[in-house]
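Asker: give me a 3D structure for the following:
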Amino acid sequence: MHDSKFGPKARFFDVEGVPVTVNATNTPGMYCAAWDGPTPRRFAFESAERNGAPVTEQEFIAMLPASPSP
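Answerer: Below you'll find the predicted structure:
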């Protein structure tokens, strides 16, 4: 059983310091998304493949920006 909130087919990349997902089920309409801000944004799949290094989901999560304190 796969317990990721990103879905069983999600792939994770470090693209020059930017955390990126490919095929994550929690980003409808975005096959490839960058997570370097408060919400995911569209990201070029070709750039993720060409410039990114595959990382584990745990490494990806560690790269996410910290949420601001209330």
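Asker: all strands for this protein, in order.
Answerer: Listed in chain order, the strands of the chain (DSSP state E) span residues 11-15, 18-22, 32-34, 41-42, 52-55.
Asker: what's the average pLDDT for the third one?
Answerer: Put plainly, it is strand 32-34. Here strand 32-34 scores 97 as its mean pLDDT.
Asker: packing partners of that strand?
Answerer: Using 3 or more CB pairs under 8 Å, 6 or more residues apart in numbering; DSSP states H and E as the contact test, the elements touching strand 32-34 are strand 18-22, strand 41-42. Quick note: C-beta positions are derived from backbone N, CA and C, even for glycine.
Asker: single out the most deeply packed of those strands.
Answerer: Comparing those by mean neighbour count (mean count of other CB atoms under 10 Å), strand 18-22 comes out on top with a mean of 23.
Asker: tell me how far it is from the chain's mean position?
Answerer: Using CA atoms, centre = their mean, to the nearest Å, we find the averaged C-alpha position of strand 18-22 to lie 3 Å away from the chain's own average C-alpha position.
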